[in-house]
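J.: This is a predicted model, with the sequence first.
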Amino acid sequence: ACTAGFTTELVGSLGHEGCLCPSSTYRDAYARDECAACPEGMACPIGSDAAVWEGQCGETQACTAPLVLPGFMAHVSKPMEVFKCLSEAACPGGLPGVCAEGHDPTSTACGECLPGFNFEGEQ
């Protein structure tokens, strides 16, 4: 049986190994015994786990990545810290560190252009 706050993907699952954080929550990479609310600007399907960003997932532990929603962005170095973008077109969502073409993914909220681009999206 799962501890409080956790669920299973399948009805009748036995054992602690099948316990996951429910939809709209995620398991913290370090506080493994609790599920935290999904940050605004992210989608956290059932089983979302921030350990995926810490390299803690792999053959022995499968993880579902929380994803950034369109109009928001997060840096690879702090993937659960989400910024709202001024332009939804600049921030397509998906994995942390993703900006639209010509936008600098190291800038906050994809707010700066890469060299050779301007805010009209032209080279």
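T.: The structure has been received and is ready for your questions.
J.: Run through the strands of this structure in chain order.
T.: Counting by DSSP state E, the chain has these strands, from start to end: 7-8, 19-20, 25-27, 35-37, 42-43, 67-68, 72-75, 78-84.
J.: Parallel or antiparallel, list what pairs with the longest one.
T.: Yep, that's strand 78-84 we're talking about. The partner list of strand 78-84 in its sheet, established with DSSP bridges, is strand 72-75 (antiparallel).
J.: and the strand it pairs with, average pLDDT?
T.: When pLDDT is averaged along strand 72-75, the result is 96.
J.: and if you look at stretch 96-113?
T.: Averaged across stretch 96-113, pLDDT comes to 93.
J.: now Ala37, which residues is it bridged with?
T.: Taking DSSP bridges as the rule, Ala37 bridges to Thr25.
J.: Relative to Thr25, how far out is it?
T.: Going from Ala37 to Thr25 by CB to CB, to the nearest Å gives 6 Å. The way it works is simple: take the backbone N, C-alpha and C, and place the C-beta from them, glycine included.
J.: who's more crowded, the two?
T.: Just comparing Ala37 and Thr25: by other CB atoms under 10 Å the higher neighbour count belongs to Thr25, 21 against 10.
J.: Hmm, that one is touching Glu34, no?
T.: No. Counting by CB atoms under 8 Å, Thr25 does not reach Glu34; the two are 9.1 Å apart.
J.: hey, what's in contact with both of the two?
T.: Common neighbours of Thr25 and Glu34 are listed as Gly5 (criterion: CB atoms under 8 Å, 6 or more residues apart in numbering).
J.: What separation do you get for Asp49 and Leu114?
T.: Between Asp49 and Leu114 the distance is 32 Å, computed by CB to CB.
J.: do Thr108 as well
T.: 15 Å.
J.: Neighbour count for those two, which is higher?
T.: Neighbours per residue (other CB under 10 Å) separate Thr108 from Leu114, with Leu114 holding more: 14 against 11.
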